[in-house]
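based on what follows, work out the 3D shape:
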Amino acid sequence: MSFSDRIARANATAISRFGNEKALIGLVEVDVIFDEFAKSLDLFQADVSTTAPACSMDSAAVVENNVVYGTIITIKNVSYSVAEIIPDGTGLSRLNLTKQD
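Purely as a prediction, here's the structure:
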């Protein structure tokens, strides 16, 4: 088994074991690790707290589902737009999301 095969297998195991949500991309459900951590911003000399929704998924799923900037992803019945795709170089990608109104 090649190194890249081992990495792909490890990523698939991580997503299946730690994936906490299903993301709907078009008509396809994809396992993701979803988080919405708190984030502090300094706006106009005032501290503002907000959330920063993001999810991690297999990079192959990003390609297979044509996920690009602006793609709409639904998680927990909430629609998000993909604001940034950050591949980690090992087969997983982090998608920074923006909540849609």
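
what is the lengthiest helix in the chain packed up against?
In the chain, assigned by DSSP state H, the helix with the most residues is helix 3-18. Judged by 3 or more CB pairs under 8 Å, 6 or more residues apart in numbering; DSSP states H and E, the packing partners of helix 3-18 are strand 28-43, strand 46-58, strand 92-99. For glycine as for every other residue, the C-beta is placed from the backbone atoms N, C-alpha and C.

most packed of the ones you listed?
Here the criterion is mean neighbour count by mean count of other CB atoms under 10 Å, and of these the winner is strand 92-99, at a mean of 18.

and the longest helix of the chain with strand 28-43, angle?
Helix 3-18 and strand 28-43 are oriented at 80 degrees to each other (axes from the mean of the first three to the mean of the last three CA atoms, to 10 degrees).

what's the local residue count around residue 19?
18 (other CB atoms under 10 Å).

ok so, going back, tell me which residues of the longest helix of the chain are tucked away?
By neighbour count on 16 or more other CB atoms under 10 Å, the buried set for helix 3-18 is 8, 11, 15.

quick one on the thing from earlier: distance to residue 74 and mean pLDDT added to the helices and strands packed on helix 3-18, as TSV?
Shown next, in TSV, are those (distance: least, CB to CB, whole Å; pLDDT from 0 to 100):
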stretch	distance to residue 74	mean pLDDT
strand 28-43	10	82
strand 46-58	11	83
strand 92-99	11	94
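
possible to save those as a markdown table with distance to residue 82?
Formatted as a markdown table, those follow (distance: least, CB to CB, whole Å):
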| stretch | distance to residue 82 |
| --- | --- |
| strand 28-43 | 12 |
| strand 46-58 | 9 |
| strand 92-99 | 5 |
